[in-house]
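Visitor: just coords:
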């Protein structure tokens, strides 16, 4: 949970204060629960026009007292009433689905709803609900008028005239008084209520004492009635303490939502939902502490982001900006950015090592303090840490080696770092690391000022001498420094920078080549898959055309059953001629088979005995069957030396398709019907059917006779007979 020290480190203290002004009551900015769900509620609420809730008290103490059945004051009771009235107001708005379900599920108990009706908009008990209270309030009003009239009568008194400072009635300590000079006691008997800064007296004439006494008595009676209501309402609220605790929590939840919505509207800010990864992409981001910020756009997708470059060029503010964006996104606080291009990951821990930890009181040096901060990081995970001026407090060469190892080791623990440095040595050690990203603050050499712009993938110069001149160090002093520093040392710094950048560029080229290689592999895979898909689609279309043709052919045959003609027979023969090349082409697309090959036909394995143009004769467990070539699949892993068994009878199978227990021959010519029956019987034998049906119809009996003769001479037919009650069907036992 964030604390005020982090707000200070990130320069967002004023931002948090501004946000809290939109809350109905003070609370932490953190919302407990599912961030994704909170985001959905906020986005829905952003679409509505509604009034924000008025300020209300924190009621935790009052809820604890209700648990103990204590009596609340009228103001405390009204604070609960304000919350309930606001929920009733929201319910009367047309709400989006998610918001509607949530708000409408808050059902106020009837007894609590009744309490609400007893209050006015100002938080007073409504006297219209109580005749006794109404009478007392009317009497108080009448008595106040009488007091006012009595005071005006005193003002008109000639004896008091010379002591009056003015002719007005002054309200002092809730009392109507007159302002007079010293010596007034000679003209009127009165009580002094207070003295003015000018030495005058606010007095209450004794002639009004009866009226004031009456007013006091009336107010006491009113307070007794209010007290009675406080007892009554507190008892009911104690009985409903769990509901009131619930609604108090829900109000805080809604308050967090509405404050964010109105804050974003007022500032023209955007909400960014944190993502599950650890990538940070900022587009036109503006830190809220800056009045005229230069928008920041960058990508942080490495474990370490190294920020180098000109002094006073905005490196520290860039570090704070990245951490602030992550912080505000984590807690769904809006900020200025290009929402369509901004992407922020989720981090469990957000912290910054920015301040100089040196302390006389704690007897700790700057460097030792930094080491203490680093030691704490070894117990953290999924963290994003900003470190400003990492080289602070120790020898630069030693620090370079130390911090390189520390950063690389901690990065393995899923910790991400944003580091600012002027160490050329550290930059040269970290830059070649694949997990290091580089950003340089730019310097306008012509104008000799920083631009507050940044360039990614580069190491920047510090421009220490130029910065010294810009901030008022005399030119002759800086010239002496340059001479003392020496041109050779400056050239060495440039060599270190150039070497680091060359390594970075080489690493980038290698990464680009790897990406290109992966892209080519993806394209190759896509082409292979596309080729397979096209081949599959082609086969499917060809099969569908064959099925369509067969269906049409069968319908044509059935249609011609009643009217046989030579022309019809000619058309059917022409159709078969069209189909035959398709079958042959399909057979060619398969792996060719030859005599002796082991092949698979449906779920059966056999050996090729002979091969014709579009069919083959195969041996399946001693049964010779004739099958289409397209229905055969060559078995390459079996030996081709299987012995060919001799059987006296060659039979044919049904055409390609799933096996059936019946075949329909109605409307076919004799040769065509017997050929189809022969294939059907062969297929039934392969599938071990014990009984099948042949549907030939009754008609003139010619087709039935041909079927009977064929079955009588078939060696595998045990018995056949006409179906009782339907002479158009023959039952065949195999």
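Guide: Looks like it arrived, so ask away. In this text, all values refer to a predicted model and were calculated from it rather than measured experimentally.
Visitor: lowest-pLDDT helix or strand in this structure?
Guide: None of the helices or strands of the chain scores lower by mean pLDDT, DSSP states H and E than strand 650-652, at a mean of 39.
Visitor: Could you give the separation between the terminal residues of stretch 50-59?
Guide: 24 Å (Cα to Cα, to the nearest Å).
Visitor: Report all helices and strands that whatever helix or strand comes next after the least confident helix or strand of the chain contacts.
Guide: As assigned by DSSP states H and E, the chain's next helix or strand after strand 650-652 is strand 662-664. Applying 3 or more Cβ pairs under 8 Å, 6 or more residues apart in numbering; DSSP states H and E, we find strand 662-664 packed against helix 670-686, strand 691-695. For glycine as for every other residue, the C-beta is placed from the backbone atoms N, C-alpha and C.
Visitor: Parallel or antiparallel, list what pairs with strand 662-664.
Guide: strand 691-695 (parallel) (DSSP bridges).
Visitor: What lies in contact with the strand it pairs with?
Guide: For strand 691-695, contacts defined as Cβ atoms under 8 Å, 6 or more residues apart in numbering pick out 661-666, 677, 680-681, 684, 707, 711, 723, 728-734.
Visitor: Next secondary structure after it?
Guide: helix 702-713.
Visitor: what element comes up after that next one heading to the C-terminus?
Guide: Following helix 702-713 toward the C-terminus (DSSP H and E): strand 719-723.
Visitor: Within its sheet, name the partner strands of that next one and how each one runs.
Guide: When DSSP bridges is applied, strand 719-723 pairs with strand 726-733 (antiparallel).
Visitor: Now do the partner strand, average pLDDT.
Guide: Average pLDDT, strand 726-733: 84.
Visitor: Pull the distance from that strand to the chain's centre.
Guide: Between the centre of strand 726-733 and the centre of its chain there are 69 Å (Cα atoms, centre = their mean, to the nearest Å).
Visitor: quick one: the helices in the stretch 101-250 of the chain?
Guide: 110-116, 131-155, 209-239, 241-267 (DSSP state H, counting those that start in this stretch).
Visitor: Over to the stretch 251-400 of the chain?
Guide: 315-330, 366-377, 396-411.
Visitor: is it possible to export the ones you listed to a markdown table including mean pLDDT, distance to residue 618 and mean neighbour count?
Guide: Listed next are the helices of the stretch 251-400 of the chain as a markdown table, based on pLDDT from 0 to 100; distance: least, Cβ to Cβ, whole Å; neighbours: other Cβ atoms under 10 Å:
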| stretch | mean pLDDT | distance to residue 618 | mean neighbour count |
| --- | --- | --- | --- |
| helix 315-330 | 93 | 71 | 24 |
| helix 366-377 | 82 | 75 | 16 |
| helix 396-411 | 83 | 68 | 17 |
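Visitor: for these, which one sits closest to residue 427?
Guide: Smallest distance to residue 427 across the helices of the stretch 251-400 of the chain (Cβ to Cβ): 8.5 Å, for helix 396-411.
Visitor: that older thread, looking at the helices and strands packed on strand 662-664, which one has the lowest mean pLDDT?
Guide: helix 670-686 (a mean of 83).
Visitor: And that one, what's buried?
Guide: By 16 or more other Cβ atoms under 10 Å, the buried positions in helix 670-686 come out as 673-674, 676-686.
Visitor: Redo these as JSON lines? Include distance to residue 188.
Guide: Below are those laid out as JSON lines (distance: Cβ to Cβ, whole Å):
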{"residue": "673", "distance to residue 188": "139"}
{"residue": "674", "distance to residue 188": "143"}
{"residue": "676", "distance to residue 188": "136"}
{"residue": "677", "distance to residue 188": "139"}
{"residue": "678", "distance to residue 188": "141"}
{"residue": "679", "distance to residue 188": "136"}
{"residue": "680", "distance to residue 188": "134"}
{"residue": "681", "distance to residue 188": "138"}
{"residue": "682", "distance to residue 188": "137"}
{"residue": "683", "distance to residue 188": "132"}
{"residue": "684", "distance to residue 188": "133"}
{"residue": "685", "distance to residue 188": "137"}
{"residue": "686", "distance to residue 188": "133"}
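Visitor: What is the nearest of those to residue 514?
Guide: Looking across the buried residues of helix 670-686 and measuring by Cβ to Cβ, the closest to residue 514 is residue 686, at 56.0 Å.
Visitor: From residue 69, how far off is the nearest residue to residue 67 once chain neighbours are set aside?
Guide: Nearest residue to residue 67, sequence neighbours excluded (Cβ to Cβ, 6 or more residues apart in numbering): residue 241, at 5.6 Å. Look at residue 241 and residue 69: by Cβ to Cβ, to the nearest Å, they are 9 Å apart.
Visitor: Over to residue 345?
Guide: Residue 345 is 50 Å from residue 69, by Cβ to Cβ.
Visitor: per-domain residue ranges of this structure.
Guide: Following automatic domain parsing, one gets these domains for the chain: 4-109+240-267, 128-226, 280-485, 590-652, 654-734.
Visitor: and residue 531, which of the ones you listed is closest to it?
Guide: Proximity to residue 531 (Cβ to Cβ) singles out domain 590-652 among the domains of the chain, at 18.0 Å.
Visitor: OK, contacts around residue 733?
Guide: With Cβ under 8 Å, 6+ apart, residue 733 has these contacts: 690, 691, 717, 718, 719, 720.
Visitor: so which of the residues you listed would you say is closest to residue 384?
Guide: Looking across those and measuring by Cβ to Cβ, the closest to residue 384 is residue 690, at 76.5 Å.
Visitor: circling back to that earlier point, show me which of residue 345 and residue 69 is the more surrounded one.
Guide: residue 345 (20 against 12; other Cβ atoms under 10 Å).
Visitor: Please name the bridge partners of the more buried one.
Guide: residue 275.
Visitor: Make 27 the first number, not 1, from now on.
Guide: OK, 27 is where the count begins now, so the last one is residue 371.
Visitor: Run a quick check on it versus residue 307, I expect a contact.
Guide: No: applying Cβ atoms under 8 Å, one finds residue 371 not in contact with residue 307, separated by 9.2 Å.
Visitor: Including distance to residue 155, could the helices of the stretch 277-426 of the chain go into TSV?
Guide: Listed next are those as TSV, based on distance: least, Cβ to Cβ, whole Å:
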stretch	distance to residue 155
helix 341-356	48
helix 392-403	61
helix 422-437	67
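Visitor: okay, now residue 140: neighbour count?
Guide: 12.
Visitor: That one and residue 98: what is the separation?
Guide: Note on residue 140: its distance to residue 98, by Cβ to Cβ, is 16 Å.
Visitor: Distance from stretch 622-631 to the middle of the chain?
Guide: In terms of Cα atoms, centre = their mean, the centre of stretch 622-631 is found 56 Å from the chain centre.
Visitor: Would you work out how far apart the start and end of that stretch are?
Guide: Per Cα to Cα, stretch 622-631 runs 13 Å from first to last residue.
Visitor: returning to what we had before: as CSV, the helices and strands packed on strand 688-690 with distance to residue 645 would be great.
Guide: Output for these, formatted as CSV (distance: least, Cβ to Cβ, whole Å):
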stretch, distance to residue 645
helix 696-712, 12
strand 717-721, 23
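Visitor: ranking the domains of the chain by burial, who's on top?
Guide: domain 306-511 (a mean of 18; mean count of other Cβ atoms under 10 Å).
Visitor: Any stretches of the stretch 377-526 of the chain with poor pLDDT?
Guide: Flagging of the stretch 377-526 of the chain using pLDDT under 70 yields the residue ranges 381-391, 419-422, 469-478, 484, 486-498, 501, 503-526.
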